[in-house]
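Visitor: What follows is a predicted structure for the sequence shown.
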Amino acid sequence: MSKIVRYALYGCGFVAVSVLLVYTIAVADVSFPGSSRLRSALFTKATIEGRKSGVSPAQRELISMFPEHLQQYAMYDFTAKEALVDLKDWLYENKVKLPLFENKLEQSNPRSTKVCLFAATARRTNSPFSYIVQAISGILNRMDYARHKDDVYIHVFNVDAHPDEHIDVQTVRHLVPVTNIKAPYSIPNIPRKYQENLDFALILRKITTMNCQYPIIIEDDALPAEYWVDSVMHAISQLEQRHPKNSSSSAVVSNQPVVSKPWLAMKLYCAREVPLSTPPTGLTDYFQRWNSVAITLNPTMLIEIAEQLEKNVYDAKTDFSRPIAKDDDVAEYVAYKGYAGYCYEPVVFQHTGVYSSIVERQTDKGAVNYWYMKSHYFASEGKPIVFNQTLWH
């Protein structure tokens, strides 16, 4: 099998290759009967047999082309894409209705869903990896869909300024609802990070119409742990013990202290500069710096957060001095209001965005291994993404 064909499958690097990746997986969407023939042409016998171990020989060869400190991230990317093809094959063969979730934004009265996961995505022109494909493949392939399909809702918000040019979105939109969204603004030459604040605020406003008990917002470079829904449910259980919804709930036997002040956020990703002597388990008071890699927000405060983000952007006018306004502004707001914030560890999502949307950020070993780029506590560290059909029936 030629290298160019394998690169076409895995979507590495060049625009032309990315287009071929989208075409390859789109074939499985539009004409599934041809999918198996396509796969047999793309995989040698050795490659297919090698996939039993999670990483095929062809993938290992591609991974070895990356510097050592990037090889794990390449492995996540390659295995996620292959697992997505496997999943789409299985969905077609079993005549599963797609997309897997009905678009709540198109419903006048959407049903209540316990966990709603929203992924915000935009192109990263300097990246050889397809982050939103990684994320959605990981989310679907690492959840027990048969058990949790009624408890979970998944939606992608494409915030790219030119949404039709974000071709990776075309790879996932047949599986989950996708909405192109961009906040209008009247400020000339608004810095990108401040535009992101306005986009994030608009997403929060949209979520308020979707009847979600626990909205989770992730960036597209957040990779879930195996059985991530189970971890989220455990985190919610501990959160509800700390913040009982009624007085009788507080009488339930619990190892969590009851907290009187309202909670704003529960992070599902956080990083620690210095590893702890004993690994943390469950809900912790460690809030680090506010970020949106993966975070659960109090559904009653979404409008309040949106208004704060919008206010800070428009108050700044032309004095945009903070490089990452959303993180700083919300952290200050949480402290000012005295809200509670938590982190659940081992983290449910790992940050994999070594190729940043921040153009000036480097991918050398020092930058990639800097402490806030990665959690020490991720149960699925170094594990490939694989399709497991037992989780689907």
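Guide: Arrived safely.
Visitor: so where is the stretch 1-150 of the chain shaky, pLDDT-wise?
Guide: Under the criterion pLDDT under 70, the flagged ranges of the stretch 1-150 of the chain are 1-54.
Visitor: For it, which segments are assigned as helices?
Guide: Under the criterion DSSP state H, counting those that start in this stretch, helices of the stretch 1-150 of the chain are mapped to 3-10, 15-30, 35-42, 45-50, 57-63, 71-93, 131-141, 145-148.
Visitor: by contact count, what packs against the fifth one?
Guide: In terms of contacts (3 or more CB pairs under 8 Å, 6 or more residues apart in numbering; DSSP states H and E), helix 57-63 is packed against helix 3-10, helix 45-50, helix 71-93. Bear in mind the C-beta positions are built from the backbone N, C-alpha and C, glycine included.
Visitor: Tell me how far the last one lies from the chain's centre.
Guide: Relative to its chain's centre, helix 71-93 lies at 15 Å (CA atoms, centre = their mean, to the nearest Å).
Visitor: Alpha carbons only: can I get that helix in PDB?
Guide: Coordinates of each C-alpha in helix 71-93 appear next as PDB, following Å, rounded to 0.1, in the frame of the first residue of the first chain:
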ATOM      1  CA  GLN A  71       3.900  10.200  18.600                       C
ATOM      2  CA  GLN A  72       1.200   9.600  21.200                       C
ATOM      3  CA  TYR A  73      -0.900  12.500  19.700                       C
ATOM      4  CA  ALA A  74      -0.400  11.000  16.200                       C
ATOM      5  CA  MET A  75      -1.600   7.600  17.600                       C
ATOM      6  CA  TYR A  76      -4.800   9.200  19.000                       C
ATOM      7  CA  ASP A  77      -5.500  10.900  15.600                       C
ATOM      8  CA  PHE A  78      -4.900   7.800  13.400                       C
ATOM      9  CA  THR A  79      -6.800   5.300  15.600                       C
ATOM     10  CA  ALA A  80      -9.700   7.700  16.100                       C
ATOM     11  CA  LYS A  81     -10.200   8.000  12.300                       C
ATOM     12  CA  GLU A  82     -10.000   4.300  11.800                       C
ATOM     13  CA  ALA A  83     -12.400   3.700  14.600                       C
ATOM     14  CA  LEU A  84     -14.800   6.200  13.100                       C
ATOM     15  CA  VAL A  85     -14.800   4.200   9.800                       C
ATOM     16  CA  ASP A  86     -15.400   1.000  11.700                       C
ATOM     17  CA  LEU A  87     -18.300   2.600  13.600                       C
ATOM     18  CA  LYS A  88     -19.900   3.900  10.400                       C
ATOM     19  CA  ASP A  89     -19.600   0.500   8.700                       C
ATOM     20  CA  TRP A  90     -21.400  -1.100  11.700                       C
ATOM     21  CA  LEU A  91     -24.100   1.600  11.800                       C
ATOM     22  CA  TYR A  92     -24.900   1.000   8.100                       C
ATOM     23  CA  GLU A  93     -24.900  -2.700   8.400                       C
END
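Visitor: Give me the angle between it and helix 131-141.
Guide: If you take axes from the mean of the first three to the mean of the last three CA atoms, to 10 degrees, helix 71-93 sits at 60 degrees to helix 131-141.
Visitor: who does helix 71-93 touch, helix- and strand-wise?
Guide: Helix 71-93 is packed against helix 3-10, helix 15-30, helix 35-42, helix 57-63, helix 131-141, with contacts defined by 3+ CB pairs under 8 Å, 6+ apart.
Visitor: how does the protein divide up, domain by domain?
Guide: 3-93, 104-391 (automatic domain parsing).
Visitor: Please convert these to JSON lines, extending it with mean neighbour count.
Guide: As requested, the domains of the chain are exported to JSON lines (neighbours: other CB atoms under 10 Å):
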{"stretch": "domain 3-93", "mean neighbour count": "18"}
{"stretch": "domain 104-391", "mean neighbour count": "18"}
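Visitor: wait, isn't Thr281 in contact with Glu345?
Guide: Yes: assessed by CB atoms under 8 Å, Thr281 is found in contact with Glu345 at 6.9 Å.
Visitor: if I look at those two, which residues touch both of them?
Guide: Common contacts of Thr281 and Glu345 (CB atoms under 8 Å, 6 or more residues apart in numbering): none found.
Visitor: my read: Leu91 touches Leu98, true?
Guide: Yes: using CB under 8 Å, Leu91 makes contact with Leu98 at a distance of 6.5 Å.
Visitor: what touches both of these two?
Guide: Joint contacts of Leu91 and Leu98 (CB under 8 Å, 6+ apart) are Leu175.
Visitor: To which secondary structure element type does Pro215 belong?
Guide: The local conformation at Pro215, judged by DSSP: H, G, I helix; E, B strand; the rest coil, is strand.
Visitor: what is it paired to in the beta sheet?
Guide: Beta bridges link Pro215 to Cys116 when assigned by DSSP bridges.
Visitor: contacting residues around it?
Guide: With CB under 8 Å, 6+ apart, Pro215 has these contacts: Cys116, Phe118, Ile207, Thr296, Leu297, Pro299, Leu302.
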